[in-house]
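> kindly generate the corresponding structure for this input.
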Amino acid sequence: MEAFDLSGQVSVVTGGNRGIGLGIARGLARAGAQVAIWSRAANRNQAAVAEIEDVGGPALAVSCDVTDEASVTDAMEETLAAFGHVDSLFANAGTSGVAKFPSDFDLDEWHRVVDVNLTGVFLTTRAAADHLIERGQGGSIVLTGSVVARMSLGLAPHYTASKGAVLSLGRALANRLGRHGIRVNVLSPGWVETEMAEGVISDERSAGFFMARTPLRRWGTAEDFEGPAVFLASSASQFMTGAELVVDGGISSA
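Reported below is the predicted structural model:
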């Protein structure tokens, strides 16, 4: 089990103050990592830090808008000032939305989702890659995708497109960064009990549709991502890059 030990490592989790991101951060902390949470919601950040420190070691809340280049740069500098280095990044911050296409679908709505889900991932992974290359000890970058990238969601073409692009971005970065010992993988959730999925889960018809097609017959939880996060950050996955790890209760294979 030593391969899963993250003692002495530092992990950054964007959007790590709730939902899947908080589950990821808790798992990393349980395995011994120091965790920096990057998010815009300062009040939630502090509550998340307290929760993470209850199960592990030191945690740090950093105010960051992942769509803003300067904000990402500042967040990395603040993290390095506090912890000295970074070993892994979980580019998890994301948003969703539904709109009828084409009648109710304007450019602002497109940019709102794509800017966070794709541009934000690009900016944070670029910042992490710069540091990891300079440090010269390899590392792990994990992008949060979605099974929707393969299954599609008609009421959210922008969300579907952004997650499909994240999957392709992960493969391209794995190709480019492998020579530096940096692994890049995509963690793709299915339907998980989070605020983002509340509209689907609370709707009886939609909930019934998705549950009937999920072999494990339950919604995912944030806790379901603790183990996969530790695996992807640790040396247990040291020969794994350019891959997609799907955690969806089986819905994408049904």
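> low-confidence bits of this structure, can you list those?
Scanning the chain with the threshold set as pLDDT under 70 gives 196-197, 199-201.
> if we use 80, what do you get?
1, 98-100, 104, 152-155, 194-210, 254 (pLDDT under 80).
> may I see the buried residues of the longest helix along it?
Taking DSSP state H as the criterion, the chain has its longest helix at helix 157-177. For helix 157-177, burial by neighbour count (16 or more other Cβ atoms under 10 Å) applies to 157-167, 169-171, 173-174, 177. For the C-beta atoms, the positions are set from N, CA and C on the backbone; glycine is no exception.
> stretch 240-248: end-to-end distance?
Using Cα to Cα, to the nearest Å, one end of stretch 240-248 lies 20 Å from the other.
> neighbouring contacts of that stretch?
Identification of contacts with stretch 240-248 by Cβ atoms under 8 Å, 6 or more residues apart in numbering yields 145, 147, 167, 170-171, 174-175, 178, 183-191, 214, 220, 224-225, 228, 231-232, 252.
> starting at the chain centroid, how far to it?
Put simply, stretch 240-248 sits 12 Å off its chain's centre (Cα atoms, centre = their mean, to the nearest Å).
> list the buried ones in it?
241-248.
> how about the helices in the stretch 151-254 of the chain?
All helices of the stretch 151-254 of the chain, identified by DSSP state H, counting those that start in this stretch, fall at 157-177, 198-201, 204-212, 226-233.
> for the first one, packing partners?
Read that as helix 157-177. helix 107-114, helix 120-135, strand 139-144, helix 148-151, strand 182-189 (3 or more Cβ pairs under 8 Å, 6 or more residues apart in numbering; DSSP states H and E).
> reformat these as a markdown table; add mean neighbour count.
Below are the helices and strands packed on helix 157-177 laid out as a markdown table (neighbours: other Cβ atoms under 10 Å):
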| stretch | mean neighbour count |
| --- | --- |
| helix 107-114 | 14 |
| helix 120-135 | 20 |
| strand 139-144 | 26 |
| helix 148-151 | 18 |
| strand 182-189 | 25 |
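> would a markdown table of the ones you listed with distance to Gly97 be doable?
Converted to a markdown table, the helices and strands packed on helix 157-177 look like this (distance: least, Cβ to Cβ, whole Å):
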| stretch | distance to Gly97 |
| --- | --- |
| helix 107-114 | 5 |
| helix 120-135 | 15 |
| strand 139-144 | 16 |
| helix 148-151 | 13 |
| strand 182-189 | 17 |
